[in-house]
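K.L.:
build me a model:
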Amino acid sequence: MLELFDLLMKASEGKPRHPAAALIGIVARLIEDWESERLPLPPYRGGDALRYLMDAHGLKQSDLPEVASQGVISEVLSGKRKLNVRQIRALSERFGVSPETFLS
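P.N.:
Below is the predicted model of the structure:
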């Protein structure tokens, strides 16, 4: 399916009105369904989700001053403190994920 997807993408050259565009959407949904059934993401929540996203983006605790101080981030990551509503909102916007991601 991935090979078919690649071939369709090359054939359509990124043109949304190309005849293959509808088929690209169908193949993409089939791939997504297969992956979600067989390769589920681990259920990260709260501090675990924050740690994962920081690692994925190559961030340090000091790189999130709009969320909290480095000390507060450290306490969240160690499980000593939970995120508050303002911090969750800031993290959700920063990483483009649902606020539910950070609920413990």
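K.L.:
now residue 46: how far from residue 32?
P.N.:
26 Å (CB to CB, to the nearest Å). For the C-beta atoms, the positions are set from N, CA and C on the backbone; glycine is no exception.
K.L.:
neighbour-wise, which of these two wins?
P.N.:
residue 46 (18 against 10; other CB atoms under 10 Å).
K.L.:
next secondary structure element downstream of the helix or strand residue 10 falls within?
P.N.:
Applying DSSP states H and E as the criterion places residue 10 in helix 2-12. Sequence-wise, the next helix or strand downstream of helix 2-12 (DSSP H and E) is helix 21-38.
K.L.:
which strands and helices lie in contact with that following helix?
P.N.:
helix 2-12 (3 or more CB pairs under 8 Å, 6 or more residues apart in numbering; DSSP states H and E).
K.L.:
now the angle between helix 21-38 and the helix it packs on, please.
P.N.:
160 degrees (axes from the mean of the first three to the mean of the last three CA atoms, to 10 degrees).
K.L.:
contact partners of helix 2-12?
P.N.:
Here helix 2-12 makes contact (CB atoms under 8 Å, 6 or more residues apart in numbering) with 18, 20-21, 23-24, 27-28, 31.
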